[in-house]
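J.: Fold the following and give me the result.
(chains A and B)
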Amino acid sequence: MIQVIKPGLYTSVQDLGRFKSLHYGVPVSGCMDQTSARIANAILNNTSDCAVLEMTLKGGHFRFKVSTNLCITGADMSPRLNNSPVKMYTTIPVHAGDELILHRAIQGSRSYLAVSKGIQTPKILNSRSMYQGVTESFRISKGDELAIDESPIKLKSNAVVKGRIESPEKIFLKAFKGPEFNQLKTHQIETLGSMSFTISKESNRMAFPLEENFSNQLDPIITSLVLPGTVQLTPGGKLIILMRDCQITGGYPRILQLTKVAINTLAQKQLKDKIRFTII
Amino acid sequence: MKSERYALKYHQFNENSILVEWPKEISQDILEDLTHFKSKIEKSESSPYIDQAVSAYQSLLVQYKATIMCFEQYVIQLQSIYSRETPIKKRKNRNWKIPVCYDAHFALDLAELCEKLKLSKEEVIQRHCMPRYTLFFIGFLPGFLYLGGLDKQLAFPRKLIPRPHVSAGAVCIGGLQTGIYPMDSPGGWTIIGNSPVQLFKSNHKKPCFAEPGDTLQFYPIDAHKHAELAASEPNAFLTQQI
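T.: As a prediction, this is how the structure comes out:
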């Protein structure tokens, strides 16, 4: 059991997502930065679909009620175990009664906390990813007790694994042409490739709106399918990048589709960061 | 079955999915053709390589388990499945009878709608309960049914400022569409009633009772009946005709 003393700014249980329920209108969800989550699970020898805690911008305060191994990856939130700094990207043995505190993100936005065999909150529709209306709650709260594997475990520590989130200077996101890309005018395509865009402070797990205006002469489309990473162009001339908790359908033209790697990179950008698109 | 053949467009959407598009229109024929193609894909030799195929009005997204190495090859495969005369036992579409309470207590915007459309409350209820609405797909929220077939006389614009809170079960009109909110949510549609039906049960293996191609028909109930049905076993009252 992990006892939540403070949840942090926005912390939820996530795995790789809920894949086979799209036809019921259920979003995919899952870790925003799946690269970091996968590395955390790999370091602990977990399968990649083990559930982890995703902390956003500011981490939480947790008390472990059983011994386990844990690993922290993604954004650097200066983690401290029993008030001593601990390394990220490595196995950290914890004992019953130990307390882990994470602070404000110094670099990146989302930090991942994995434990041996994963967090064991209930699986709903084949996934533990929290989402409003699907799981009981959409994020963890003070006082929650999160189930983890309690079988005896060999505590171990090992070398720090190479692997870091991309530096903030890396602003290029690779994107495929979206289904409505070809309806754009030549000058719009040029702007799309050369302009830098600012991530709006309205960004969340559903979508990252971009602040700049972008001319739009495209008509709305008949409501059709979208995916995490779909870049929509609204009638008001704004770009919206859909993220993991996005609805499964939308009516705005889909002009780009981020690569899977680019979605993970974007998930670690901070509000107000700049990005640019590389159209492939 | 009657097999409409359309000139389909194929687009690689991301690393592992292909978007198939029908002509840009909303029609029963396209829905049937799309549903039929989807079942053929699911029963084809490609199915072990597919995670899920999911549909909207006139589009189908086929998500493969692995990265698509050669898009053209996959398109040829899909085209071959599309043109196949596979005898597939068609699922019988069902017609679901959905109770709706149109009392003022629930129907927050019904008076305004009546006034602006110059229709009596009884006339609105009658027109709303008349059609058999076709379920095209489920989207927007878990369990939200995209229904076609609203009486054009009842078309009503969406609110400029959405309500921050619409209750689960709210029966609404938005433009030329009618729908039921499956859970509490913000929403911009005009509320004309409430149904005790549960559209999404996340703890069930099959969380939604209806499938694309099914039809729905509303019938009016009073507030007393609404309370009774809402307190009873969820959806036990649902009746269907094949």
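J.: so who does the residue in chain A that chain B sits nearest to touch?
T.: Per Cβ to the nearest Cβ, the residue of chain A with the smallest distance to chain B is residue A:249, at 3.7 Å. For the C-beta atoms, the positions are set from N, CA and C on the backbone; glycine is no exception. Contacts for residue A:249 were tallied using Cβ atoms under 8 Å, 6 or more residues apart in numbering or on different chains; they are A:223, A:224, A:225, A:226, B:56, B:137, B:139, B:140.
J.: how does it look with 7 Å?
T.: Counting by Cβ atoms under 7 Å, 6 or more residues apart in numbering or on different chains, residue A:249 touches A:223, A:224, A:225, A:226, B:56, B:139, B:140.
J.: Over to residue B:199?
T.: For residue B:199, the contacting residues are B:143, B:145, B:180, B:182, B:208, by Cβ under 7 Å, 6+ apart.
J.: Next, give me the two most distant ones among these.
T.: The largest distance within the contacts of residue B:199, taken as Cβ to Cβ, falls between B:180 and B:208 and amounts to 11.7 Å.
J.: can you tell me how far the residue nearest to residue B:59 when sequence neighbours are not counted sits from residue A:253?
T.: Spatial nearest neighbour of residue B:59, excluding adjacent residues (Cβ to Cβ, 6 or more residues apart in numbering or on different chains): residue A:224 at 4.5 Å. As judged by Cβ to Cβ, to the nearest Å, residue A:224 and residue A:253 stand 10 Å apart.
J.: When these two are compared, which one has more neighbours?
T.: Shown here are residue A:224 and residue A:253; by other Cβ atoms under 10 Å in any protein chain shown, residue A:224 has more neighbours (25 against 22).
J.: What backbone torsions are found at that one?
T.: phi -140, psi -180 (degrees, to the nearest 10).
J.: Give me the buried entries from the contacts of residue A:249.
T.: A:223, A:224, A:225, A:226, B:56, B:139, B:140 (16 or more other Cβ atoms under 10 Å in any protein chain shown).
J.: For those residues, give me CSV that also has distance to residue A:143.
T.: Converted to CSV, those look like this (distance: Cβ to Cβ, whole Å):
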residue, distance to residue A:143
A:223, 41
A:224, 42
A:225, 39
A:226, 36
B:56, 41
B:139, 35
B:140, 33
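J.: now, which of the residues you listed sits nearest residue B:47?
T.: Nearest to residue B:47 among those is residue A:225, at 19.2 Å by Cβ to Cβ.
J.: For residue A:4, pull up the helix or strand it's in.
T.: strand A:2-6 (DSSP states H and E).
J.: If you count neighbours, what's buried in that strand?
T.: Neighbour-count burial for strand A:2-6, counted by 16+ other Cβ under 10 Å, picks out A:2, A:4.
J.: Check stretch A:257-265 too.
T.: Residues of stretch A:257-265 classed as buried by neighbour count (16+ other Cβ under 10 Å): A:257, A:258, A:259, A:260, A:262, A:263, A:264, A:265.
J.: Sitting in strands, which of those do you find?
T.: A:257, A:258 (DSSP state E).
J.: ok, residue B:38 - contacts?
T.: Residue B:38 is in contact with B:53, B:55, B:60, counting by Cβ under 7 Å, 6+ apart.
J.: Would it be right to say that the last one lies in a strand?
T.: The reference is to residue B:60. Yes: looking at residue B:60 with DSSP: H, G, I helix; E, B strand; the rest coil, it is inside a strand.
J.: wait, doesn't it sit right on residue B:53?
T.: Yes: with contacts counted by Cβ atoms under 7 Å, residue B:60 reaches residue B:53, the gap being 6.0 Å.
J.: need the residues of chain B near chain A, please.
T.: Taking Cβ under 7 Å from any Cβ of the partner chain as the contact definition, chain B meets chain A at B:11, B:13-15, B:17, B:19, B:24, B:26, B:51-52, B:54, B:56-59, B:61, B:138-144, B:183, B:200, B:202-203, B:207-208.
J.: Buried among the residues you listed? Need that as a selection in PyMOL.
T.: In PyMOL syntax, the buried subset of these is picked out as below (16+ other Cβ under 10 Å):
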select buried, chain B and resi 11+13+14+17+19+26+52+54+56+57+58+59+61+138+139+140+141+142+143+144+183+200+202+207+208
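J.: burial of residue 216, as a residue count?
T.: Let's take chain A. Close neighbours of residue A:216, defined as other Cβ under 10 Å, add up to 18.
J.: Correction: the question concerned chain B.
T.: Applying other Cβ under 10 Å, I find that residue B:216 has 22 neighbouring residues.
J.: The nearest residue to residue A:93 once chain neighbours are set aside: neighbour count?
T.: Closest residue in space to residue A:93, ignoring its immediate chain neighbours: residue A:155 at 3.4 Å, by Cβ to Cβ, 6+ apart. Neighbourhood size, residue A:155 [other Cβ under 10 Å]: 14.
J.: next one: the helix or strand hosting residue B:135 to chain centre, how far?
T.: Taking DSSP H and E as the criterion, residue B:135 maps to strand B:133-138. Its chain's C-alpha centre and that of strand B:133-138 lie 3 Å apart, by Cα atoms, centre = their mean, to the nearest Å.
J.: Show me what that strand is packed up against.
T.: Counting contacts by 3 or more Cβ pairs under 7 Å, 6 or more residues apart in numbering or on different chains; DSSP states H and E, strand B:133-138 is packed against helix B:28-42, strand B:145-148, strand B:215-221.
J.: Pick the most deeply packed of the ones you listed.
T.: Of all those, strand B:145-148 carries the top mean neighbour count, a mean of 21, counting by mean count of other Cβ atoms under 10 Å in any protein chain shown.
J.: for stretch B:84-96, what is the average pLDDT?
T.: Stretch B:84-96 carries an average pLDDT of 81.
J.: and the least confident helix or strand in chain A by mean pLDDT, how far from the chain's centre?
T.: One helix or strand of chain A scores below all others by mean pLDDT, DSSP states H and E: strand A:249-250, with a mean of 92. The chain centre lies 21 Å from the centre of strand A:249-250; the measure is Cα atoms, centre = their mean.
J.: Each with direction, which strands does it pair with?
T.: Partners of strand A:249-250 in the sheet, by DSSP bridges, are strand A:224-225 (antiparallel).
J.: Excluding chain neighbours, give the residue nearest to the residue in chain B positioned nearest to chain A in space.
T.: Chain B approaches chain A most closely through residue B:139 (3.7 Å), counting by Cβ to the nearest Cβ. Excluding the flanking residues, the one nearest residue B:139 by Cβ to Cβ, 6+ apart is residue A:249, at 3.7 Å.
J.: Cool, thanks, signing off.
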